[in-house]
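# Next come a sequence and a model predicted from it.
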Amino acid sequence: MSRKVRVGVIGLGIMGQTHLDVYSQMDNVELVAIADQDEARLFGAVQAQGNIQGQGQGQADLTRVQRFTDGYELIESAAVDLVDVCVGTHLHLAMAKAVLLKGYHLMVEKPVAKSHAQGLEMLALARASQSFVMLGMCLRYWPAWVCLRQAIDDKRYGSLKSLSCSRLASFPEGEFYNSCEQCGGAILDLHIHDVDFISHCLGRPSEVVSRGHIGRSGGLDHVHTQYTFAGEFKDAVVTAQGGWSMAQGYPFNMSYTANFEQATLGYELGDGEHLILYHGGVAQAVDLAAGMGYEHEIKHLVRAILSSQSTDFDSLHSAVDALAVVEAEALSIATGQLQQPLYG
Ligand SMILES: NC(=O)c1ccc[n+]([C@@H]2O[C@H](COP(=O)([O-])OP(=O)(O)OC[C@H]3O[C@@H](n4cnc5c(N)ncnc54)[C@H](O)[C@@H]3O)[C@@H](O)[C@H]2O)c1
C-alpha cells in the first residue's frame, strides 16, 4: 500500500461530511472518491445540518476527487484502500459486504446494522476478511468519555456506584429519520451511543427494564432504561435515557453523571462542553483533549491500517452486543417486563 491511505466516502449526509472534514486534515490520507445519490450533496450545492456544533463544516477540498452517484460504483471502480460507509443504517450491511468482498478496509457508521441478526452477519463477514473493520462508535473515542472509562477501569476514585447517561434532541428531520424502517427510531439511532458505551465499559448487561414511547419516526423515539450486570458491577445503579421528541428548538444535549466511592464526574455537552470533577469538597473543571470522537476514531483507524493491525474483534463484538441490548429494551417496553438480552 502507498504511504497514504486512499479513502472513498459513501453518503454525504452530516456524518459523511463530518468524516470528510477529518480526512481532509490528515497528512497520511488521500481523499480519492466520494459518492452520493443526491447530486446536490455530491457536488456541494447543499450541506447537511448536524446537531452538534463542529460537525460537517464542509472544510474538505474536493476539487480533485472522483464523484459517483452510486456508492456501489465507487466500490467497484475507485482506486481506494479504505471505504467509509456513511449511508443510512438500513443500507450498512449490504454495502459493507460489497466493500469487504473487494478486499478493502472498512469503516461503517453506527449503528452497525438495523438488527442484532444483521450485526452478527457483519461480524462473520469481518472475521472472514483480511480487512481492518471499524464501526463508528464515536463515544469510545470522545475525550470526556475516554476520561470516564479510565476512571472506571483504574478505580482512581474507588468503585463505580452509579452511572446515568442522557441524550436528548428535537426531531432531526429528513427522509432517513422520518422512517423507522430506515433509522430504527431514536432507540437505535441515538440511544445506541449510550448503550454501546455502557456495554463497552461495564460488560454485557444481564437484564434491562425500559419505558418508552413511539414518536414521529414511527418507532421508539424516547426510551429510559435501567441496566443490571452480573459480576463486578452487580451493585452499580446504571440508567440511560435517549430521545429526539423534544420540542423544536430544544438544543441537542448529551450528558453523564458517574458517581464513584470518593468522587463524582459530571459531564455535559450542550451549550459548550464541560466535565467537572467533584472531589474532596472541591469542584474542578477537567481539561479535555481537543477534538470530537469522530476525529479520534478516524485517526485511530488510519494508524491501524498503516501499521497493518488486525481488526479488534472484541470491540466489534461489543458494538454488535449493543444491538441485542436495544432489542431487549424494545421488548421490555412492549411487554412491560424485565428482559434479558439475547446475545449471539
Ligand atoms: N456517529 C454519530 O454521531 C452519527 C451522527 C449522525 C448520523 N450517524 C449515522 O450515520 C449514518 C448516516 O446518517 P446521516 O444523518 O448522514 O444520513 P443521511 O440520510 O442524511 O445521509 C445519507 C446519504 O447517503 C446517500 N446514499 C444512500 N444510498 C446511497 C448509495 N447507494 N450510493 C450513494 N449514496 C447513497 C443518501 O443520498 C444520503 O445523502 C446513519 O447510519 C446514522 O445513524 C452517526
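Looks like it came in fine.

# ok, and the closest non-adjacent residue to Glu261?
Nearest non-adjacent residue to Glu261, counting by C-beta to C-beta, 6 or more residues apart in numbering: Gly158, 2.7 Å away. Yep, even glycine has a C-beta here, placed from its N, CA and C like the rest.

# Would you list the phi and psi of Arg6?
Note on Arg6: its backbone torsions stand at phi -90, psi 120 [degrees, to the nearest 10].

# In this structure it contacts Tyr23, no?
No: assessed by C-beta atoms under 8 Å, Arg6 is found out of contact with Tyr23, at 10.4 Å.

# partners of the residue nearest to Glu261 in the sheet?
Gly158 forms beta bridges with Arg156, as assigned by DSSP bridges.

# Please report how far it lies from the ligand.
When C-beta to the nearest ligand atom, to the nearest Å is the yardstick, Gly158 and the ligand sit 31 Å from each other.

# swap in Gly136?
Remark: distance between Gly136 and the ligand (C-beta to the nearest ligand atom) = 5 Å.

# got a list of what that residue touches?
Under the criterion of C-beta atoms under 8 Å, 6 or more residues apart in numbering, the contact list for Gly136 reads 15, 107-110, 294, 297.

# From those, pick the one nearest Phe176.
Met15 (10.6 Å; C-beta to C-beta).

# which secondary structure elements does whichever strand or helix holds that closest one contact?
Secondary structure here is read from DSSP states H and E; on that basis Met15 sits in helix 14-24. For helix 14-24, the elements it packs on are strand 5-10, strand 29-35, strand 82-85, helix 293-306, judged by 3 or more C-beta pairs under 8 Å, 6 or more residues apart in numbering; DSSP states H and E.

# For the second one, which helices and strands make contact with it?
Here strand 29-35 is seen to pack against strand 5-10, helix 14-24, strand 66-68, helix 71-77 when contacts are counted using 3+ C-beta pairs under 8 Å, 6+ apart.

# per-domain residue ranges of the protein.
Here the domain assignment for the chain is 5-136, 140-294+323-335, based on automatic domain parsing.

# of all those domains, which lies closest to Gln309?
Across those, Gln309 has its closest neighbour in domain 5-136 (6.5 Å, C-beta to C-beta).

# returning to that earlier point: quick one, the helix holding Met15 and helix 293-306 angle?
Here the directions of helix 14-24 and helix 293-306 differ by 60 degrees (axes from the mean of the first three to the mean of the last three C-alpha atoms, to 10 degrees).

# Specify the angle between helix 14-24 and strand 5-10 in degrees.
160 degrees.

# what about helix 14-24 and the ligand, touching?
Yes: contact check for helix 14-24 against the ligand, using C-beta under 6 Å from any ligand atom: residues in range are 14-16.
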